[in-house]
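[1] I'd like to go over a predicted model; first the sequence, then the structure.
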Amino acid sequence: MLFDTHVHLNADQFDEDYEQVIERARNEGVSNMVVVGFDLKTIKKAMALVEQYDDIYAVVGWHPVDAIDFTEEDLKWIEQLATHPKVVGLGEMGLDYHWDKSPKEIQKEVFRKQIRLAKKVKLPIVIHNRDASLDIVTILKEEGAHEVGGIMHCFGGSIEIARECMDMNFYISFGGPVTFKNAKKPKEVAKEIPMDRLLIETDCPYLAPHPYRGKRNEPAYVKLVAEQIAELKGISLEELAQKTTDNAKKIFDIK
């Protein structure tokens, strides 16, 4: 059984056929998935999905690209949602220095507020990182994020950054890019991550794995990520699937 720890079935790209997409995932052995809401609209859709499906859970938070739109009311709303039995984490939060919609200082402030909230409600955090590894590690350390731990989502950093994050009680999650032909670094890093700190995801509809690169991604394709990492580690798909599923259930406290 496979556990896709990061999906956006709440994205507009799935409006027409999300039921068939979920069915295809189940047919490929995906037993659970976590749908991530990162702004007003996507959080509402994520909560609707968890009410509809037993095997889907939610993570809710505010994306760094949209940090400039974040209000105290939004923070209170996320705190309320954190009490829902199927909300298993806060995020995706973090820093994104690629897009310039939200100034860096505002991103950092919103990131810190969400880490503090996660500690208050005792939920793990899901980190979005784009071109901001050093600042993210610094803030995680300063805010004592190790108390709740979490996931470095769609990890694309160095093994050194991965180790610093694992030391703070974080899991390292890989998606489609680890399957790309030219993805030398992600492959090397995935090989090094200990089995008890490893997770898999699709981040669908984005970042589809090879051979679907450039097309709409979907949770069924998490199997391709699992196959690639199992091959890198020289283990069976079954062992990789079992361990990453166990890890996901542990970090999200799913019985």
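    Now that the structure is in, tell me what you want to look at.
[2] Kindly give the local confidence score, pLDDT, for the residue lying closest to Phe180 once chain neighbours are set aside.
    Closest residue in space to Phe180, ignoring its immediate chain neighbours: His210 at 5.8 Å, by C-beta to C-beta, 6 or more residues apart in numbering. In short, each C-beta sits where N, CA and C put it, glycine included. If you check His210, the pLDDT there is 97.
[3] try His146
    His146 is given a pLDDT of 98.
[4] so what's it closest to, chain neighbours aside?
    Using C-beta to C-beta, 6+ apart, the closest residue to His146 is Met168 (4.2 Å).
[5] Could you report the separation of the residue lying closest to Ala145 once chain neighbours are set aside from Val121?
    Nearest residue to Ala145, sequence neighbours excluded (C-beta to C-beta, 6+ apart): Ile115, at 5.3 Å. To Val121, Ile115 is 11 Å away according to C-beta to C-beta, to the nearest Å.
[6] Neighbour count: these two, which is higher?
    Ranked by neighbour count (other C-beta atoms under 10 Å), Ile115 and Val121 place Ile115 first, with 24 against 16.
[7] residues of the helix or strand containing the more buried one that come out buried?
    Applying DSSP states H and E as the criterion places Ile115 in helix 104-121. By neighbour count with 16 or more other C-beta atoms under 10 Å, helix 104-121 contains the buried residues Gln107, Lys108, Val110, Phe111, Lys113, Gln114, Ile115, Leu117, Ala118, Lys119, Val121.
[8] Equivalent analysis for stretch 188-208, please.
    Per 16+ other C-beta under 10 Å, stretch 188-208 contains these buried residues: 189-190, 193, 197-205, 207-208.
[9] Point out where the stretch 101-250 of the chain drops to low pLDDT.
    By pLDDT under 70, the stretch 101-250 of the chain contains no weakly predicted segment.
[10] on that earlier part again, ok, so of the buried residues of helix 104-121, who is nearest Phe252?
    Ala118 (12.9 Å; C-beta to C-beta).
[11] And the strands in this structure?
    For the chain, applying DSSP state E gives strands covering 2-7, 30-37, 56-60, 87-96, 125-130, 150-152, 170-174, 198-200.
[12] Out of these, which gets nearest to Asp246?
    Taking the strands of the chain one by one with C-beta to C-beta, strand 2-7 is closest: 8.7 Å.
[13] what sits up against the closest one?
    For strand 2-7, contacts defined as C-beta atoms under 8 Å, 6 or more residues apart in numbering pick out 25, 28-36, 59, 92, 126, 151, 153-154, 173, 175, 199-204, 219, 222-223, 226, 241, 244-245, 248-249, 252.
[14] circling back to that earlier point, from Ile125, how far off is the residue nearest to His146?
    11 Å.
[15] Name the residues contacting each of the two.
    What both Met168 and Ile125 touch, as defined by C-beta under 8 Å, 6+ apart, is the set Ala145, Gly149.
[16] higher neighbour count, those two?
    Taking neighbours as other C-beta under 10 Å, Met168 and Ile125 compare with Ile125 leading, 28 against 18.
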